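J.: here is my input; please provide its structure:
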Amino acid sequence: MTSTTNHDYLPRGAFAAGSRRTRLAALTTRLTLRPITNLLPTSRGGIEFSRRLVATSMNLFGPVPKGTRVDLVADGPVRGEWVRAPGLAPGPRVILYIHGSAYVICSARTHRGLTARLSSSTGLPVFTVDYRLAPEHPFPAAADDLEAAYRWLLGQGYDAANIVIAGDSAGGHLAADLLIENDRTGTPQPGAMVLFSPLVDLDFELSARMERTRKDPMISAKAARGLVALYTDGHDSSLPRLRLDLARMRDLPPTLIQVGGTEMLRGDARHLHTMIEAAGGRSELEIWPDQMHVFQALPRLIPEAAHALEHAAEFIAHTLDNQAVQHDSKEQVGR
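T.: Numbering: from 1, shown residues only. Purely as a prediction, here's the structure:
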């Protein structure tokens, strides 16, 4: 993926502007959804309404493809679901998916359409961790649940190099935190990471800066900050597990970051991309013109959604295949 300027990174084969349907969807969302999300209270009633609204929207614009196999998992502290495309045969590689929505709103079920299409495009099974949500379960519940799920996969016999971490929005923050915890505890890192619209700055200062140049169609930085505060629940934002720092990381997996050109988290995406490269890791950043937050989940609304998942699938296959070749070469040299 090559940058067109120091600030804009176009995905391979993309036009300089989104499709007409994409731009219409962003305009409609800004006129209808944004006023609602900015006014919803963070009371229990407001949160329940938000959860129902998002679940309905995800099912309407990103339904689960027919024939998808779903197997629920409840194994000690690990809760989630296996999602497999039709006819998918078992193999050594797997995707661990971390859904987003401010640690408060979504679930494995709401993201089932997205994970099913990710399974189909990659040919890999997807395990979506159904981490505990705030405000019922504040920090560090979600992070602890993800860590448990990753170690559970290792215990199931998956080699770390064959695990792909993928996620969106708040799932991006949780993914980066997992890498830091793996480094701290000496746990082997995953083979690759793919993030859609990752959240990095829980204070939303980067988002507010982006909003001054272009308003996010879905929600304001202030309203999003209010939701995330239900998870951080009064903890100091400078805590290492909240204010992420990858500078001292010794082993970062190759990473693909996709973000929409209209969303406020494009600042977070650039910041994470820069942090990974500064730490000596490899990161590819794609800023998709005129796209909204986690547009990959809305194929009925966004024509480019399928194209983005194809890019993700190519990145995953290329990265894991290259690492397998390197591993085999090292083994032959060591004999």
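
J.: what comes into contact with the strand or helix carrying residue 284?
T.: Element membership for residue 284 (DSSP states H and E) is strand 283-288. Contacts with strand 283-288, where a contact means Cβ atoms under 8 Å, 6 or more residues apart in numbering, come from 1, 3, 8-11, 14, 18, 254-261, 266, 269-270, 272-273, 276-277, 295, 304, 308, 311, 315. Backbone N, C-alpha and C define where each C-beta goes, glycine included.

J.: what pairs with that strand, parallel or antiparallel?
T.: Its sheet considered, strand 283-288 pairs with strand 255-260 (parallel) by DSSP bridges.

J.: in this protein, which spans are helices?
T.: 20-39, 44-61, 112-122, 141-155, 170-185, 205-211, 221-232, 266-278, 304-334 (DSSP state H).

J.: which parts of the longest one are buried?
T.: Which is helix 304-334. In terms of neighbour count (16 or more other Cβ atoms under 10 Å), helix 304-334 has its buried residues at 304-305, 307-309, 311-313, 315-317, 319-320, 323.

J.: quick one: mean pLDDT over it.
T.: Average pLDDT, helix 304-334: 85.

J.: same for it, what does it pack against?
T.: Other helices and strands packing on helix 304-334, by 3 or more Cβ pairs under 8 Å, 6 or more residues apart in numbering; DSSP states H and E, are helix 112-122, strand 163-168, strand 192-196, strand 255-260, strand 283-288.

J.: go with 6 Å
T.: helix 112-122, strand 192-196 (3 or more Cβ pairs under 6 Å, 6 or more residues apart in numbering; DSSP states H and E).

J.: for the third one, same thing?
T.: Other helices and strands packing on helix 112-122, by 3+ Cβ pairs under 6 Å, 6+ apart, are strand 78-84, strand 126-129, helix 304-334.

J.: nearest to residue 36, out of the ones you listed?
T.: helix 304-334 (22.7 Å; Cβ to Cβ).

J.: centre of the chain versus stretch 148-156, how much separation?
T.: 19 Å (Cα atoms, centre = their mean, to the nearest Å).

J.: excluding covalently adjacent residues, which one is nearest to residue 123?
T.: Distances taken as Cβ to Cβ, 6 or more residues apart in numbering place residue 88 nearest to residue 123, at 6.7 Å, with adjacent residues excluded.

J.: against residue 132, how distant is the one you found?
T.: As for residue 88, its distance to residue 132 is 28 Å (criterion: Cβ to Cβ, to the nearest Å).

J.: equivalent analysis for residue 63, please.
T.: 26 Å.

J.: check residue 242 too.
T.: 17 Å.

J.: which one's more surrounded, those two?
T.: residue 242 (20 against 14; other Cβ atoms under 10 Å).

J.: contacting residues for that one?
T.: With contact taken as Cβ atoms under 6 Å, 6 or more residues apart in numbering, residue 242 is in contact with residue 202.

J.: low-confidence ranges, the protein, go.
T.: For the chain, the stretches with pLDDT under 70 are 1-8, 13-15, 327-335.

J.: so residue 126 touches residue 115, yeah?
T.: Yes: counting by Cβ atoms under 6 Å, residue 126 does reach residue 115; the two are 4.4 Å apart.

J.: what's the overlap in contacts for the two?
T.: 83, 97.

J.: got the helices and strands packed on helix 112-122 as a markdown table, with distance to residue 48 columns?
T.: Below are those laid out as a markdown table (distance: least, Cβ to Cβ, whole Å):
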| stretch | distance to residue 48 |
| --- | --- |
| strand 78-84 | 20 |
| strand 126-129 | 22 |
| helix 304-334 | 28 |
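
J.: where's residue 58 relative to residue 115, distance?
T.: To residue 115, residue 58 is 11 Å away according to Cβ to Cβ.

J.: what comes up buried for stretch 85-105?
T.: 85, 88, 93-105.

J.: same check on stretch 242-251?
T.: For stretch 242-251, burial by neighbour count (16+ other Cβ under 10 Å) applies to 242, 244, 246, 249.

J.: which residues does the residue nearest to residue 302 when sequence neighbours are not counted contact?
T.: Among residues not flanking residue 302 along the chain, residue 295 sits closest, at 4.6 Å (Cβ to Cβ, 6+ apart). Contacts for residue 295 were tallied using Cβ under 6 Å, 6+ apart; they are 260, 302, 305.

J.: again, 8 Å this time
T.: Contacts of residue 295 (Cβ under 8 Å, 6+ apart): 22, 260, 288, 302, 304, 305, 308.

J.: got it, and residue 281?
T.: Taking Cβ under 8 Å, 6+ apart, one finds 246, 249, 252, 253, 254, 255 in contact with residue 281.

J.: residue 189 versus that one, what's the distance?
T.: Distance from residue 281 to residue 189, by Cβ to Cβ: 10 Å.
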